[in-house]
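In: would you be able to build a 3D model of this:
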Amino acid sequence: METSDRDLHSVCPKAAGRLTGGNVKSGVARWTMCATGLLSLMWFLARVLPKPSRAAYPCQLAAAPLASGFVLWMTGALAATWASGRVREFWRRSRVVLACACLLVAATFAIGALVTAPETQAPESAIPTPNQPVGTAKGLYPGRVVWVHDPAATSWEGPGKGHWWESQYTSQPAADRMMSMAMRRLTGGGNDAEAWDALFRNFNRNHGGGNSGYRKGEKIAIKVNLVGCIVGGNNPLVDPKTYDLVRQLDYMNTSPQMIVALLRQLVRDAGVRQEDISVGDPLSLFPNQYHEICRREFPNVRYMDHDGGNAEHPRARVEPSTVPFHWSSRPAGKAQDFVPVQYAEAKYLVNMANLKSHTSGGVTLCAKNHYGSLIRKPPEKGFYDMHESLARTKPGSGQYRALVDLMGHAHTGGKTLLFFIDGLYPGVHPVESSPRKFSSAPFNDRWASSLFASQDPVAIDSVAFDFLWSEWEGFPRMSGADDYLHEAALAGKPPSGTFYDPDHATNTTRLASLGVHEHWNNPRDRQYSRNLGKGQGIELVRADAAAKQPAPAATAAAAPPTVQGSRKSVLD
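Out: From the prediction side, this is the model:
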């Protein structure tokens, strides 16, 4: 369900993201929930019976637990009442065995009724507190997130009218224009080559490499999100023999047009050889439909793939390296994780995620893009189940979040040069197989047609979270959905008290702040603290492709800006 813009009102920062309703046992609350359960059942049946596909809608997913709980409770209560009446009847007739049997049935159903009795449900998270930044901003222009919007990029009419990823519906020239604009506005570069040089120099200064740019032969890995092409299962999304998409043809994967736009920048403007670039999703197959669009211009790029393709459809198989990945929750008895060889060999990594909400995490953005980086499924038997730390399983605030480990490991977040979120066609994973439109301005019930870019992994996910939270009810608003951002921003001293240390098996070196987190002032003005001249927090730079662009900020290729705090972004 989509919502109109709502102003964000201030609440206690400690209450944001925390459960604000407990399990109230009073009779009034219980009967209120009984009525809620009945209404939920009526609503669910009225909506789903005429159109079963509506069962996947967020509103129906929210109603289903209440409705099913009400049905179970009512069944147990009625069965217990009936069985207890039979106990008295059989006892009076001296039929002891039947009386005892009915007594056992009555007790069983009575217990079941008590267990499934409707409780007050935990509400969605509190309205996020605006403009309360935490953490240390990252980047040439600390905390800067660039949002490029270009409606000309997306002309797809929707399911049944071709597929969004086909070149006639997603414009390559528009994707190129958006990528160029994002790079220049993020770095202040006068052209794309200057922008990339500024990024490489900034990265190397911060990683002990001096004031050096990109050097020929250095490898780059690009982690895209192809979870719609995830490997395995009895009903695969990509045929492992033909490498064709066979299901979820319209699922919201990273668009091949944005991949091509990035490859053009790296090869043409940054001077990276094709054979030094690896791009893909280690947990997924790289289907022909996307591969053909990319390979047409970049045949020598290594397209990462879980299986490695076959003789007819060659791909670069992803193998584990010898570099271990440790979970800071210290789960016992779990198989050791290792980062992929392509990650370990790369000097730089680019994280290109998608703009999606998620049934278990609330959102799935740059941080959760790494759920596909460890070559095995998140809940795979024998390994640590990454889903255990998501908001649905652990709601509220101050919880250990595996996402922080993925953001902070030296070979994942630690070597990431740049973060992108492809927001051309946002959607909901995994319950919807095609994208959703955005209702607010400037989208106006059209595709989001957006690209986000940043050097700060916490800031970019914070901005994308606010967009999803303001557009859609349900999953983005579940309690704890933004808790990983608090944990990451304060990784050196997180609210959970976790010693985040994904690079080591024992407590040795604790992660420092991974970036800056805050929420905007409201979904109409979309202003963060640096936009308001507060000298800290996030700076959202909006770039509308259809509007005349102001001159970019002065280039910072030679040295990072010394005073960032007072700079306000230009909002077009």
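In: how about stretch 473-490 as CSV, C-alpha atoms only?
Out: The C-alpha coordinates for stretch 473-490 follow below in CSV (Å, rounded to 0.1, in the frame of the first residue of the first chain):
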residue,chain,number,x,y,z
GLU,A,473,3.4,1.1,4.7
GLY,A,474,4.3,-2.3,6.1
PHE,A,475,7.8,-3.7,5.9
PRO,A,476,10.0,-0.5,6.0
ARG,A,477,8.1,0.5,9.1
MET,A,478,8.6,-2.7,11.1
SER,A,479,10.2,-2.2,14.5
GLY,A,480,14.0,-2.4,14.3
ALA,A,481,14.2,-1.9,10.5
ASP,A,482,16.7,0.9,10.9
ASP,A,483,18.5,-0.5,14.0
TYR,A,484,21.4,-1.8,11.9
LEU,A,485,22.1,1.8,10.8
HIS,A,486,22.4,2.9,14.5
GLU,A,487,24.6,-0.1,15.2
ALA,A,488,26.8,0.7,12.2
ALA,A,489,27.1,4.4,12.8
LEU,A,490,28.1,3.7,16.4
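In: could I get the buried residue list for that stretch?
Out: Neighbour counts using 16 or more other Cβ atoms under 10 Å place 474-490 of stretch 473-490 among the buried residues. Backbone N, C-alpha and C define where each C-beta goes, glycine included.
In: now stretch 146-163
Out: Val146, Trp147, Val148, His149, Asp150, Pro151, Ala153, Thr154, Trp156, His163.
In: next: stretch 187-201.
Out: Those would be 187-189, 192-201, for stretch 187-201 by 16+ other Cβ under 10 Å.
In: on that earlier part again, which of the buried residues of stretch 146-163 fall within helices?
Out: With helices defined by DSSP state H, no entry of the buried residues of stretch 146-163 lies inside them.
In: please, where are all the strands along this protein?
Out: 134-135, 144-149, 220-224, 277-280, 302-305, 316-317, 320-325, 337-340, 348-358, 362-364, 416-429, 450-454, 516-517, 539-544 (DSSP state E).
In: please produce CSV containing these, extended by distance to Asp525.
Out: CSV is the format used below for those (distance: least, Cβ to Cβ, whole Å):
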stretch, distance to Asp525
strand 134-135, 21
strand 144-149, 13
strand 220-224, 32
strand 277-280, 36
strand 302-305, 40
strand 316-317, 45
strand 320-325, 40
strand 337-340, 41
strand 348-358, 20
strand 362-364, 21
strand 416-429, 19
strand 450-454, 17
strand 516-517, 19
strand 539-544, 10
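In: could you dump these to JSON lines with distance to Thr508 and mean pLDDT?
Out: Shown next, in JSON lines, are the strands of the chain (distance: least, Cβ to Cβ, whole Å; pLDDT from 0 to 100):
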{"stretch": "strand 134-135", "distance to Thr508": "22", "mean pLDDT": "98"}
{"stretch": "strand 144-149", "distance to Thr508": "32", "mean pLDDT": "98"}
{"stretch": "strand 220-224", "distance to Thr508": "26", "mean pLDDT": "98"}
{"stretch": "strand 277-280", "distance to Thr508": "30", "mean pLDDT": "98"}
{"stretch": "strand 302-305", "distance to Thr508": "31", "mean pLDDT": "97"}
{"stretch": "strand 316-317", "distance to Thr508": "33", "mean pLDDT": "97"}
{"stretch": "strand 320-325", "distance to Thr508": "13", "mean pLDDT": "97"}
{"stretch": "strand 337-340", "distance to Thr508": "18", "mean pLDDT": "97"}
{"stretch": "strand 348-358", "distance to Thr508": "23", "mean pLDDT": "98"}
{"stretch": "strand 362-364", "distance to Thr508": "30", "mean pLDDT": "97"}
{"stretch": "strand 416-429", "distance to Thr508": "22", "mean pLDDT": "97"}
{"stretch": "strand 450-454", "distance to Thr508": "29", "mean pLDDT": "98"}
{"stretch": "strand 516-517", "distance to Thr508": "26", "mean pLDDT": "98"}
{"stretch": "strand 539-544", "distance to Thr508": "34", "mean pLDDT": "94"}
